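In: Compute the structure for the input listed below.
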Amino acid sequence: MPRAIWTGSLSFGLVNVPVGLFTATDDKTVHFNQFQSGTADRIRLKRVNERTGDDVEYADIVKGYDLGGGEYVLVTPEELEAVEPGRSRTIEIRDFVDLDDIDPIYYKSTYYVGPQGEQAARPYALLHRAMADAKKVAVASLVLRTKEHLVAIRPMEKVLALETMAFSDEIRDPSEELRDVPANEKFAPRELETAKLLIDSMATEWNPALYHDEYRERVEALIDDKRKGKVVLTERPEAAPTPVVDLMEALQASVEAARRHRPGTRVDVGPASRATKATGKATKAAKVGKASSKSQRAAVPDGAEDLATLTKAELVTRAADIGVEGRSKMTRDELVRALERAAKPTRRRKAS
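Out: Below you'll find the model as predicted:
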């Protein structure tokens, strides 16, 4: 059974719930030790006096704060300990706020909050249920490993989760960090509509199991191959430069590629040459006027049975081809019905 990394109580008002914190995530990064090349000798790091080159014992080391210009303020472990927040066994809730009010940039690490002991089960369940019903998140403070943290406690499906957070003065102002951020850009309605169509074509329900650390998987495969004595090729193919294309052409090519998109995968627009070819086709299709509406309608499958085989992204693209209004907000069934209605005039003309 996992052990709590911290135990104490969660307090709101006069109610105190005995709880423990449990690690919610695992770091799956592949870690390596250092060796001297061509040998089996490990590399060790030492604490060395920069001036004399002599080894220094850990007990003889103090901390120094860099003032700049080669000046430092030296602080001993005892001096730091004197200003620590003190060991606290209470997570004190200060406020309740809406989850959407907290920008994700503030979140750092996630822990599960679990009840400790039978007497904690009922008040813990009550707090969880009340917060879930109210759709509120608790803002609190926590002393963990001699450091005070701002934390948010939110109800998950079965448990409470605690997120350590950055303080407001730790968040960098993007206007000071970034230059030439575009502002007040003007877009043609067609550009914005196509961009929204691309987003809608790739929209899906969140499923974390669809996403993998592909780099870690390649590193693990490399280690396995070397363990088995396989020859590993280290030459990496040169990436072809991405050609500069017209924004509208790129959007239309992306929409076309998104028709083959599966959730959790990258949109495959192919090599640069194939992308250019796709954008050319998209541009040609975009220039077709009202005179070609008959041929466009003829591309729409006759009947719901054929349309039922298409994905929503494909239905949206077909609806865009024939100018169905409001398509980006339609459900899949509504798109099918709209395309069926658009195809009916063509069938009547054929019958006459």
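In: buried residues in stretch 121-129?
Out: 123-124, 127-128 (16 or more other CB atoms under 10 Å). Just so you know, the C-beta spots here come from the backbone N, C-alpha and C atoms, and that holds for glycine as well.
In: Then stretch 254-262?
Out: 254-259, 261.
In: Check stretch 96-112 too.
Out: 102, 106, 111-112.
In: And those residues, which is closest to residue 138?
Out: Taking CB to CB as the measure, residue 138 lies nearest residue 102 of the buried residues of stretch 96-112, at 11.2 Å.
In: Alpha carbons of stretch 174-189, as CSV, please.
Out: What follows is stretch 174-189, C-alpha atoms only, in CSV (Å, rounded to 0.1, in the frame of the first residue of the first chain):
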residue,chain,number,x,y,z
PRO,A,174,4.1,37.8,-21.4
SER,A,175,4.2,41.4,-22.6
GLU,A,176,7.6,41.8,-21.1
GLU,A,177,9.0,38.4,-22.1
LEU,A,178,7.8,38.3,-25.7
ARG,A,179,8.4,40.7,-28.5
ASP,A,180,6.3,41.3,-31.6
VAL,A,181,3.2,39.5,-30.3
PRO,A,182,0.5,40.1,-33.0
ALA,A,183,-2.3,42.3,-31.8
ASN,A,184,-5.4,43.6,-33.6
GLU,A,185,-4.8,41.4,-36.7
LYS,A,186,-7.5,41.6,-39.3
PHE,A,187,-8.7,38.4,-41.0
ALA,A,188,-11.0,37.9,-44.0
PRO,A,189,-14.2,36.0,-43.1
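In: Which residue ranges make up the domains of the chain?
Out: 6-26+84-170, 244-287, 288-352 (automatic domain parsing).
In: same question for the last one, mean pLDDT?
Out: Averaged across domain 288-352, pLDDT comes to 62.
In: Over to stretch 127-146?
Out: pLDDT averaged over stretch 127-146 gives 92.
In: How about it, which residues are buried there?
Out: So stretch 127-146, judged by 16+ other CB under 10 Å, has buried residues 127-128, 131, 136-140, 142-144.
In: now, among these, which is nearest to residue 200?
Out: Taking the buried residues of stretch 127-146 together and measuring to residue 200 by CB to CB, the closest member is residue 137, at 29.9 Å.
In: Go ahead and confirm that closest one touches residue 97.
Out: Yes. With contact defined as CB atoms under 8 Å, residue 137 reaches residue 97; the gap is 5.7 Å.
In: Could you export the buried residues of stretch 121-129 to a markdown table, including columns for distance to residue 322 and secondary structure?
Out: Converted to a markdown table, these look like this (distance: CB to CB, whole Å; DSSP: H, G, I helix; E, B strand; the rest coil):
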| residue | distance to residue 322 | secondary structure |
| --- | --- | --- |
| 123 | 60 | helix |
| 124 | 56 | helix |
| 127 | 54 | helix |
| 128 | 50 | helix |
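In: Using TSV, lay out these together with distance to residue 187.
Out: Putting the buried residues of stretch 121-129 into TSV (distance: CB to CB, whole Å) gives the following:
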residue	distance to residue 187
123	53
124	50
127	47
128	45
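In: Strands of this structure, start to end?
Out: 6-12, 15-23, 63-68, 71-75, 90-98, 107-115, 136-144, 147-155, 160-165 (DSSP state E).
In: Measure how the shortest one sits relative to strand 63-68, angle-wise.
Out: Here strand 71-75 points in a direction 160 degrees away from that of strand 63-68 (axes from the mean of the first three to the mean of the last three CA atoms, to 10 degrees).
In: again, but for the fifth one
Out: On the basis of the same axes, to 10 degrees, strand 90-98 is oriented at 40 degrees to strand 63-68.
In: partners of strand 90-98 in the sheet?
Out: strand 6-12 (parallel), strand 136-144 (antiparallel) (DSSP bridges).
In: hmm, back to that, could the domains of the chain be laid out in TSV, adding distance to residue 232?
Out: Shown next, in TSV, are the domains of the chain (distance: least, CB to CB, whole Å):
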stretch	distance to residue 232
domain 6-26+84-170	27
domain 244-287	25
domain 288-352	39
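In: out of the ones you listed, nearest to residue 183?
Out: Residue 183 lies closest to domain 244-287 among the domains of the chain, at 17.6 Å (CB to CB).
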